[in-house]
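Novice: one predicted model, sequence on top.
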Amino acid sequence: MKKLFLLLFVLGTGLSVQAQQKNNKELSELFQTELYPLAKDISEYTDKVTAHGNVVSIVKKTGVTSLAKRKVEGINVDAHRFTLITSAGKEISLGGDPLLANKVVNKFLDVLRRVKDNMKEDNREEVENILNSL
């Protein structure tokens with residue numbers, strides 16, 4: 001009975017993780033409809049978050065981390081790829097690994113949502129800590 005329960009638990013966990021993963025088109029829509037507007041709103045509150053063009057940047061103690069959405073050239077369909085850019089100028093393409101792209105976009109979204117929630121309470125120090133934790 002315990003083995004059956006454990007098997008069902010493992011299978012259920014695997015299905016829930018797979019259900020959360022979005023394809024490239026869904027990630028692009030999530031970036032455009034949720035992440036970018038949220039970053040734009042927060043940028044009016046603090047200079048630690050910027051949203052310009054198709055790039056969302058978060059300023060931390062250790063530098064700037066940016067997520068850029070770029071159009072894939074040479075394809076007729078509307079395809080985009082995501083790139084993570086560090087303050088040292090290193091560009092890490094997330095196009096080849098959908099799981100990693102999901103993780104990065106969701107991390108940015110999670111951080112910005114927490115910042116927005118703390119902005120309502122005007123906890124500037126907590127906001128700084130959240131942004132530095134990215």
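Specialist: Yes, it's here.
Novice: quick one: the helices in this protein, in order.
Specialist: 2-20, 24-30, 36-43, 98-120, 124-132 (DSSP state H).
Novice: now the weakest link among those, please, by mean pLDDT.
Specialist: Lowest mean pLDDT of those: helix 2-20, a mean of 50.
Novice: just the CA coordinates for the longest strand along the chain, please, in CSV.
Specialist: Scanning the chain for the strand with the most residues, using DSSP state E, yields strand 63-71. This file holds the C-alpha atoms of strand 63-71, laid out as CSV (Å, rounded to 0.1, in the frame of the first residue of the first chain):
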residue,chain,number,x,y,z
GLY,A,63,25.0,44.3,-10.9
VAL,A,64,22.2,44.2,-13.4
THR,A,65,20.4,41.1,-14.6
SER,A,66,18.2,41.4,-17.7
LEU,A,67,15.8,39.2,-19.5
ALA,A,68,15.5,40.1,-23.2
LYS,A,69,12.9,38.8,-25.7
ARG,A,70,14.2,38.9,-29.2
LYS,A,71,12.5,38.1,-32.5
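Novice: now do the buried residues in that strand.
Specialist: Thr65, Ser66, Leu67, Ala68, Lys69, Arg70 (16 or more other CB atoms under 10 Å). Glycine gets a C-beta too; all of them are placed from N, C-alpha and C.
Novice: so can I have a markdown table of those residues showing distance to Phe31 and pLDDT?
Specialist: What follows is those, written out as a markdown table (distance: CB to CB, whole Å; pLDDT from 0 to 100):
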| residue | distance to Phe31 | pLDDT |
| --- | --- | --- |
| Thr65 | 15 | 92 |
| Ser66 | 13 | 94 |
| Leu67 | 8 | 93 |
| Ala68 | 10 | 92 |
| Lys69 | 5 | 89 |
| Arg70 | 11 | 86 |
